[in-house]
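S.K.: this one's structure only:
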């Protein structure tokens, strides 16, 4: 273009810079920014916004601030909205990096604020863990004539759920509905996950029903959260009911759905049902993953069924699923239970010589077994190996 035409415009450079930033090539974007002026093209506020955003994401807040100062020095009235965008981007960067003083200095310098700017401040206070300042900013938002939107409410509800204030989050949910701010998939996901974490699965299912009544058919994640929660509390029938319900609404269960159900059946002591679910997975075109195999291997190991555990280990290898330290720890535990110490030692040293990250658990399993057998020299040898690895 530079040699043959047409001549590139500011929009051309902005598009190229944005592409470089999306490709994580911020240095290249900055080179393009420098080239613009050499070609007689003045960067506009969009150019600066692109770079400020990219620099903030990279944590280069000092460079981003210099760019912002350059924009503010321009001082043209027609670009106040763009200056606000740039200031908001920088402020968000400061909050995410934990630099509250710089973020608030940036906020105090913004005279004409909009909903997005308030959302950034509210999110910043949520990151800082100060819910009182969140509510204070919300009040200021109302006083300034700006009404909170879905992003405002989702941020506050998320913070309340993470802080364990789940019923306060439910109250905020009811407030947003009365203000005609309609919840989206994210709102429901946050609330349902929060309620399930809090042990109130029944109320979580009420929110699921509310979603379905409002023609929101959730993605598998929300169904899986409920299935997992019911499974944890031993309500297998309810977990299976939710799985069947998701199928009725046209949502196909995934490997995480089956893992949650398998885990629930294993907790309930129903190993045969867990194996049936594994077969159902395969019939429905889903291959068991590492979690599936670890759950099943752990279950048969607890029953002392070494041969079944090894069959599952072999099957996962055939399917291209690589065992991890949890897989081998379960097998090691099983060998020790059956007093098959030769196999246990061979497995332990195989894991030790591999690239797998190994924690203290395999060491403790073997040391306890050797201690019970009166093999104190072997206990001491293992302790020394553990110390050399930085275990103490």
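M.R.: Good, I have the coordinates. Just so we're clear, the structure is a prediction, and the values are computed from it rather than from any experiment. Numbering: from 1, shown residues only.

S.K.: only C-alpha atoms from now on, for both contacts and neighbour counts.
M.R.: Will do.

S.K.: check which residues of stretch 149-166 are buried.
M.R.: By 16 or more other C-alpha atoms under 10 Å, the buried positions in stretch 149-166 come out as 149, 151-161, 165-166.

S.K.: outside of it, which residues touch it?
M.R.: Residues outside stretch 149-166 that contact it (C-alpha atoms under 8 Å, 6 or more residues apart in numbering) are 115, 119, 122-123, 126, 129, 131, 134, 168-170, 172-173, 176, 181-184, 186-187, 190-191, 194-195, 198.

S.K.: 7 Å - rerun?
M.R.: Here stretch 149-166 makes contact (C-alpha atoms under 7 Å, 6 or more residues apart in numbering) with 119, 123, 126, 168-169, 172, 181, 183, 187, 190, 194-195.

S.K.: can you check stretch 367-386 too?
M.R.: So stretch 367-386 is contacted by 336, 363 (C-alpha under 7 Å, 6+ apart).

S.K.: any idea how far apart the tips of it sit?
M.R.: Distance between the boundary residues of stretch 367-386 (C-alpha to C-alpha, to the nearest Å) amounts to 11 Å.

S.K.: again, but for stretch 349-366
M.R.: End to end - C-alpha to C-alpha - stretch 349-366 spans 11 Å.

S.K.: from the chain's centre, how far out does it sit?
M.R.: Relative to its parent chain, stretch 349-366 has a centroid offset of 28 Å by C-alpha atoms, centre = their mean, to the nearest Å.

S.K.: buried set for it?
M.R.: For stretch 349-366, the neighbour count (16+ other C-alpha under 10 Å) marks 351, 358, 362-363, 365-366 as buried.

S.K.: again with stretch 202-216
M.R.: Buried-residue list, stretch 202-216, by 16+ other C-alpha under 10 Å: 204-205, 207-208, 211.

S.K.: export those to JSON lines and tack on secondary structure, distance to residue 95 and pLDDT?
M.R.: Below are these laid out as JSON lines (DSSP: H, G, I helix; E, B strand; the rest coil; distance: C-alpha to C-alpha, whole Å; pLDDT from 0 to 100):
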{"residue": "204", "secondary structure": "helix", "distance to residue 95": "32", "pLDDT": "93"}
{"residue": "205", "secondary structure": "helix", "distance to residue 95": "35", "pLDDT": "93"}
{"residue": "207", "secondary structure": "helix", "distance to residue 95": "32", "pLDDT": "93"}
{"residue": "208", "secondary structure": "helix", "distance to residue 95": "33", "pLDDT": "93"}
{"residue": "211", "secondary structure": "helix", "distance to residue 95": "33", "pLDDT": "90"}
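
S.K.: let me know the closest of the residues you listed to residue 261.
M.R.: Within the buried residues of stretch 202-216, proximity to residue 261 (C-alpha to C-alpha) peaks at residue 205, which comes in at 16.9 Å.

S.K.: inside helices: which ones of the buried residues of stretch 149-166?
M.R.: If you go by DSSP state H, those have 151-161, 166 in helices.

S.K.: so can I have CSV of those residues showing distance to residue 324?
M.R.: Listed next are those as CSV, based on distance: C-alpha to C-alpha, whole Å:
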residue, distance to residue 324
151, 39
152, 41
153, 41
154, 37
155, 36
156, 38
157, 37
158, 33
159, 34
160, 36
161, 33
166, 36
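
S.K.: and those, which two are furthest apart?
M.R.: It's 151 and 166 that sit farthest apart of these, by C-alpha to C-alpha, at 18.1 Å.

S.K.: and the buried residues of stretch 149-166 as CSV, adding pLDDT and distance to residue 227?
M.R.: Formatted as CSV, the buried residues of stretch 149-166 follow (pLDDT from 0 to 100; distance: C-alpha to C-alpha, whole Å):
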residue, pLDDT, distance to residue 227
149, 89, 31
151, 89, 28
152, 91, 29
153, 93, 26
154, 92, 23
155, 91, 25
156, 93, 26
157, 94, 22
158, 92, 21
159, 92, 24
160, 93, 23
161, 92, 19
165, 93, 23
166, 93, 19
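
S.K.: which pair in these has the greatest spatial separation?
M.R.: Among the buried residues of stretch 149-166, the pair separated by the greatest distance (C-alpha to C-alpha) is 149 and 165, at 21.1 Å.

S.K.: before we move on, back to that, output the buried residues of stretch 349-366 in CSV; the columns should cover secondary structure and pLDDT.
M.R.: Output for the buried residues of stretch 349-366, formatted as CSV (DSSP: H, G, I helix; E, B strand; the rest coil; pLDDT from 0 to 100):
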residue, secondary structure, pLDDT
351, helix, 85
358, coil, 81
362, helix, 88
363, helix, 88
365, helix, 90
366, helix, 89
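
S.K.: let me have the residues you listed in JSON lines, extended by distance to residue 273.
M.R.: As requested, those are exported to JSON lines (distance: C-alpha to C-alpha, whole Å):
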{"residue": "351", "distance to residue 273": "31"}
{"residue": "358", "distance to residue 273": "32"}
{"residue": "362", "distance to residue 273": "29"}
{"residue": "363", "distance to residue 273": "33"}
{"residue": "365", "distance to residue 273": "29"}
{"residue": "366", "distance to residue 273": "31"}
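
S.K.: so which of these comes closest to residue 334?
M.R.: Using C-alpha to C-alpha, the buried residues of stretch 349-366 come closest to residue 334 at residue 365, 10.0 Å.

S.K.: which residue is the nearest non-sequential neighbour of that closest one?
M.R.: residue 333 (6.5 Å; C-alpha to C-alpha, 6 or more residues apart in numbering).
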